[in-house]
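Novice: What follows is a predicted structure for the sequence shown.
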Amino acid sequence: MTNLSEPKLQQLLRECSAGNRKSQQTLYQHFSPVIYAICVRYMGATDEAKDMLQETMVKFFQKSAEFRFQGSLEGWVKRIAVNTCLDQIKKNKAKYAGSLDEANHLTADVNAAQPLETKDLLKLVSALPDGYRTVFNMYAIEGFTHAEIGEVLGISENTSKSQLFKARRWLQAKLERN
């Protein structure tokens, strides 16, 4: 991510809203690494994550005139990314809420004896089965409550709690096994 100040980002956004393609390109280059990381956390390291990055950036540019300049532009675009991923997950609910117990065969090559680096943790989280990963991200990273997760995903609060418990257990098992 390039090192641009909030006032510079806001100026680029104003130019972007006026149709300036160079400003769009600068904002894309600035935000795409962090947005892609969010998409990978929700969708896994798949083409779907790349699609969600593109969809997020399109929405960001389409809604650029709606930004109220009250708070962080980065926070706003991150929220667009999370909502875009969650919308996709809701569209494909059967895929994400399917048989989560088949995940036991998945492996991740992280050695628990070594200090866990952020990239290793993200690799483990992206290897979680879809349903586990979604709930884990929403609860542990984004700060949603189980009630909110249930409402967004159309599942019960107890299902959310169960999936978080299983995600943590899955992560722990992978760390102990390696």
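Specialist: Sure, I can see it.
Novice: Name the residues of the longest helix anywhere in the chain that are buried.
Specialist: Of all segments of type helix in the chain, defined using DSSP state H, the longest is helix 21-43. In terms of neighbour count (16 or more other C-beta atoms under 10 Å), helix 21-43 has its buried residues at 23-24, 26-28, 30-32, 35-43. Backbone N, C-alpha and C define where each C-beta goes, glycine included.
Novice: contact partners of the helix or strand just after that helix?
Specialist: Downstream of helix 21-43, the next assigned helix or strand under DSSP states H and E is helix 47-62. When contacts are defined by C-beta atoms under 8 Å, 6 or more residues apart in numbering, helix 47-62 is touched by residues 16, 24, 27-28, 31-32, 35-36, 39-40, 42-43, 77, 80-81, 84-85, 88.
Novice: try it again with 7 Å
Specialist: Outside helix 47-62, the residues that touch it by C-beta atoms under 7 Å, 6 or more residues apart in numbering are 16, 24, 28, 32, 35-36, 39-40, 43, 77, 80-81, 84-85, 88.
Novice: give me the number of residues near residue 121?
Specialist: Neighbour count for residue 121, taken as other C-beta atoms under 10 Å: 13.
Novice: Next, work out how far apart it and residue 29 are.
Specialist: Noted for residue 121: a distance of 26 Å to residue 29, by C-beta to C-beta, to the nearest Å.
Novice: same check, this time on residue 4
Specialist: Counting by C-beta to C-beta - residue 4 and residue 29 are separated by 10 Å.
Novice: check contacts around the spatially most central residue of the chain.
Specialist: Nearest to the mean C-alpha position of the chain, by C-alpha atoms, centre = their mean, lies residue 38 at 3.0 Å. With contact taken as C-beta under 7 Å, 6+ apart, residue 38 is in contact with 78, 81, 82.
Novice: Most neighbours among the residues you listed, please name it.
Specialist: Within the contacts of residue 38, neighbour counts (other C-beta under 10 Å) peak at residue 81, which reaches 26 neighbours.
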